[in-house]
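Enquirer: Take this sequence and fold it.
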Amino acid sequence: MEPTISRAIDVPADAGTVWSWVTDLPRMGELSPENIGGRWLDEPGLGARFRGRNRNGDLRWWTRVRVVAFEENRRFAFDVRTPIGSRVSRWEYVLTPAAAGCRVTENWYRIGSWVVRKFMGPRVTGRADRPGYNVRSIEHTLAAIKARAEERAAAA
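Expert: As a prediction, the model looks like this:
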């Protein structure tokens, strides 16, 4: 399956460090413009479940999430569903070695039904153009990861 949206950035940090950031659900809100954190319901790993919490202005919602790839320091992917179980999307972080640290690729796959896309999603999230927003969201998250890595490198 090819991602609907894919962006990448090189960061001055090793894959293990970046892995710890993208799997630290409670602190994901420090990196993402929409996600405000999450909570593991199971021990982190393949098949684990977690709850994601999101916001857009005054709108707040949560999602049911299951990990579909958990390759430590390499790949973290999860499928998102609404609280009633409707499929929404898949998100994926892929970490690969790069000259000065690692390359972080964030992918978004649109897998939800047309009902979710056209009616439920915009009503719950306040975003009529989910793909357009997610391009900006992914770029924001990747820039925040890079900024965090640069701050740590400068402090070292």
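Enquirer: ends of stretch 2-19, how far apart?
Expert: 22 Å (C-alpha to C-alpha, to the nearest Å).
Enquirer: what does that stretch contact?
Expert: Residues outside stretch 2-19 that contact it (C-beta atoms under 8 Å, 6 or more residues apart in numbering) are 72-74, 76, 92-93, 95-110, 131, 134-135, 138-139, 142-143, 145-146, 148-150, 152-153. Where C-beta positions appear, they are placed from N, C-alpha and C, glycine not excepted.
Enquirer: Which of the residues in that stretch are classified as buried?
Expert: For stretch 2-19, the neighbour count (16 or more other C-beta atoms under 10 Å) marks 3-5, 7, 9-13, 15, 17-19 as buried.
Enquirer: Okay, strands next: where are they in this structure?
Expert: Ranges of strands in the chain, per DSSP state E, are 5-11, 35-40, 49-56, 59-71, 75-81, 87-98, 101-110.
Enquirer: and Val116, how far is that from Asp10?
Expert: 34 Å (C-beta to C-beta, to the nearest Å).
Enquirer: how far is the worst-scoring helix or strand of the chain on mean pLDDT from where the chain is centred?
Expert: Using mean pLDDT, DSSP states H and E, the weakest-scoring helix or strand in the chain turns out to be helix 114-115, at a mean of 80. Helix 114-115 sits 22 Å away from the centroid of its parent chain (C-alpha atoms, centre = their mean, to the nearest Å).
Enquirer: do the same with stretch 143-156
Expert: 19 Å.
Enquirer: Please verify my assumption that Arg74 contacts Tyr93.
Expert: No. Using C-beta atoms under 8 Å, Arg74 is not in contact with Tyr93; the gap is 9.3 Å.
Enquirer: thinking again about what came up before, would you mind finding the most buried of the strands of the chain?
Expert: Among the strands of the chain, strand 101-110 has the highest mean neighbour count (mean count of other C-beta atoms under 10 Å), at a mean of 20.
Enquirer: and that strand, average pLDDT?
Expert: The average pLDDT within strand 101-110 is 97.
Enquirer: what's the neighbour count on Gly47?
Expert: 10 (other C-beta atoms under 10 Å).
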